[in-house]
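Undergrad: Sequence and predicted structure are below.
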Amino acid sequence: MTTEKFEYKNWWKGASAEEKDAAFQFCSGYLSFLNRHKTEREVVAYTEALCQANGFTDLNEAIQQGERLQPGTKVYQNLRGKAFVMAVIGTEPIEKGINIVASHVDSPRLDFKQTPFYEDTDMVLAKTHYYGGIKKYQWVCIPLALHGVVVLKSGEIVHINIGENDSDPSFVITDLLPHLAHEQMNKKMSEAVHGEGLNVVLGAIPLAEEKEEAEEKSKENHKDPVKMNLLKILKETYGVDEADFVSAEIEVVPAMPAKEVGFDRSMIGGYGQDDRVCAYGAIQALLGLTEQPARTVMVYLSDKEEVGSMGNTGAQSAGLTHCIAELCALTAPVYSDLVTKRCFANSALLSADVSAAVDPNYKDAQDKLNATYFTKGVVLEKYTGSKGKSGANDANPEFIAALRAIYDEHQVAWQTGELGKVDLGGGGTIAQFMANLGMQVIDCGVPVLSMHSPFELTCKADIYNAYLAYRAFLKAYK
Ligand code: MN
Ligand code: MN
């Protein structure tokens, strides 16, 4: 009897020229997606348009008309513009379960506060509150862009997207020069830049006043002429007033474009790859299915993962479960709550979220036997959590075995790993919330370096194999 030593291989080594080409081609699509859609709202709008162009119809219309959904029907549901579900109805009864790939489309960033604008030292700035886990010092002295919406009292939504085009201005958060930073440099990294110090510079020209007009201006306006000039520009450009920012979501994101990285162009650097790298692969995998699936297949894009998945667009909300109940009602011969519950119990879900790769500069953070590496493919992460698997979805080995079989059969490069050394830190994904519904769930995503930074790094081999993994799972999991 013989047995073999087991190790994960570098995908490039075994890949054919065609496979490498396919990976590069897939990643060129991914690169342009990364550069065009930086926020949850933008990814949802992109996906909705893509669905409409690919024969998907709005589930809400089917609900309204009580229209039965036949096998092969492609539907989507936009959840408040920030989360999204797309599905293809299978030939099997829906209570036999759904194959779901779920990613989140929010990323760490800085959000404008509700009263953002103030003038100081003849400049106008915006107050922000950071969103998600960031290292604050990484967000100063880099070009920033503003993306988001301002909702007027009339309900009209004004879209803002400035800082991305070559002709657009940039925005920035300043930092203290080294000459005067002796005190700052002796602080802990976590305290060197304060949350209340993440103020974005927006302008420095005061409002030009006609002489006679100036007499009539209120003292308030005299006090903040640079802020007044900004408000004038905002009114002229977007038709919005200062008060309208109370009902706004303006996200401050890095303005640097995503790029290929390395002489061999084997990697992708860019903002927000956690988790748009998995979301893109998931969307493409579902769109690329050409055959009628037996089980219903679905992609779920969630919001608010970076702050704990709460809220009515987060994975802890009823958004996904409600959508699945609607699908059950429109496909099952007789609907009851039990149909939905059986559907959950029989469903399987890949929590398609990124994992931390071993960083050659910080190898000590990982247990090298149980770490994930660039080039070795998509990561099956049995559990996340921290300090004794606390807060983890600990995937069932029965499910992992089934996935191993599918991935090997479909020639998907995959590896396992966990998030750093025991007791060093930890983190979570939406996996635990999905598993609470009774589904089989495991984290399965792309390894990332410099995660949550303004310029995260991924490897094309892994990006491509994540896509192959999602496609194989949607198609073949029974
Ligand atoms: Mn993530
Ligand atoms: Mn994250």
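TA: Yep, it's here. Remember, it's a predicted structure, so these values are computed and weren't measured experimentally. Ligands and ions are numbered 1, 2, ... in the order given.
Undergrad: Could you check the pLDDT of the residue nearest to Lys387 when sequence neighbours are not counted?
TA: Spatial nearest neighbour of Lys387, chain neighbours left out: Asp423 (6.1 Å); criterion: CB to CB, 6 or more residues apart in numbering. C-beta coordinates here come from the backbone N, C-alpha and C atoms, glycine included. Note for Asp423: predicted pLDDT of 88.
Undergrad: Gly427 too?
TA: Listed pLDDT for Gly427 reads 86.
Undergrad: I'd guessed it sits against Asp443; true?
TA: No - here Gly427 does not reach Asp443: they are 10.3 Å apart, not a contact under CB atoms under 8 Å.
Undergrad: Please report the distance of the residue of the stretch 1-150 of the chain found nearest ligand 1 from Ile233.
TA: Closest contact between the stretch 1-150 of the chain and ligand 1, by CB to the ion, is at His104 (5.7 Å). Computed as CB to CB, to the nearest Å, the His104 to Ile233 distance reads 34 Å.
Undergrad: who has more neighbours, the two?
TA: Comparing His104 with Ile233 by neighbour count (other CB atoms under 10 Å), the higher total belongs to His104, at 29 against 15.
Undergrad: Please parse this structure into its domains.
TA: According to automatic domain parsing, the chain is divided into the following domains: 11-107+271-476, 109-254.
Undergrad: Just name the most buried of the ones you listed.
TA: domain 11-107+271-476 (a mean of 20; mean count of other CB atoms under 10 Å).
Undergrad: What's the end-to-end length of that one?
TA: This stretch, domain 11-107+271-476, spans 22 Å end to end (CA to CA, to the nearest Å).
Undergrad: Throw the domains of the chain into CSV and include distance to Lys5, thanks.
TA: Below are the domains of the chain laid out as CSV (distance: least, CB to CB, whole Å):
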stretch, distance to Lys5
domain 11-107+271-476, 13
domain 109-254, 37
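Undergrad: For Gly262, find the nearest of the ones you listed.
TA: Between Gly262 and those, the tightest spacing by CB to CB is seen for domain 11-107+271-476, at 9.3 Å.
Undergrad: How far does the closest one sit from its chain's centre?
TA: How far domain 11-107+271-476 lies from its chain's middle: 11 Å, per CA atoms, centre = their mean, to the nearest Å.
Undergrad: what does stretch 103-114 give?
TA: Its chain's average C-alpha position is 9 Å from that of stretch 103-114, according to CA atoms, centre = their mean.
Undergrad: What mean pLDDT does it get?
TA: Averaging pLDDT along stretch 103-114 gives 98.
Undergrad: before we move on, what about stretch 358-369?
TA: Mean per-residue pLDDT for stretch 358-369: 94.
Undergrad: So which residues make contact with it?
TA: Residues from elsewhere that reach stretch 358-369, judged by CB atoms under 8 Å, 6 or more residues apart in numbering: Ala356, Ala371, Thr372, Tyr373, Phe374, Glu418, Gly420, Lys421, Val422, Leu424, Leu449, Ser450.
Undergrad: Looking at these, which is nearest His410?
TA: Minimum distance to His410 across those is 20.0 Å, recorded for Thr372 (CB to CB).
Undergrad: quick revisit: does the residue nearest to Lys387 really touch Lys389, like I thought?
TA: No - counting by CB under 8 Å, Asp423 stays clear of Lys389, with 11.3 Å between them.
Undergrad: Out of the contacts of stretch 358-369, the closest to ligand 1 would be?
TA: Sorting these by how near they are to ligand 1, with CB to the ion, puts Ala356 at the top with 10.3 Å.
Undergrad: Which elements pack onto the helix or strand where the closest one lies?
TA: Per DSSP states H and E, Ala356 falls inside strand 355-356. The contact analysis (3 or more CB pairs under 8 Å, 6 or more residues apart in numbering; DSSP states H and E) places strand 355-356 against strand 447-448.
Undergrad: quick check: mean pLDDT across the strand it packs on?
TA: Averaged over strand 447-448, pLDDT sits at 98.
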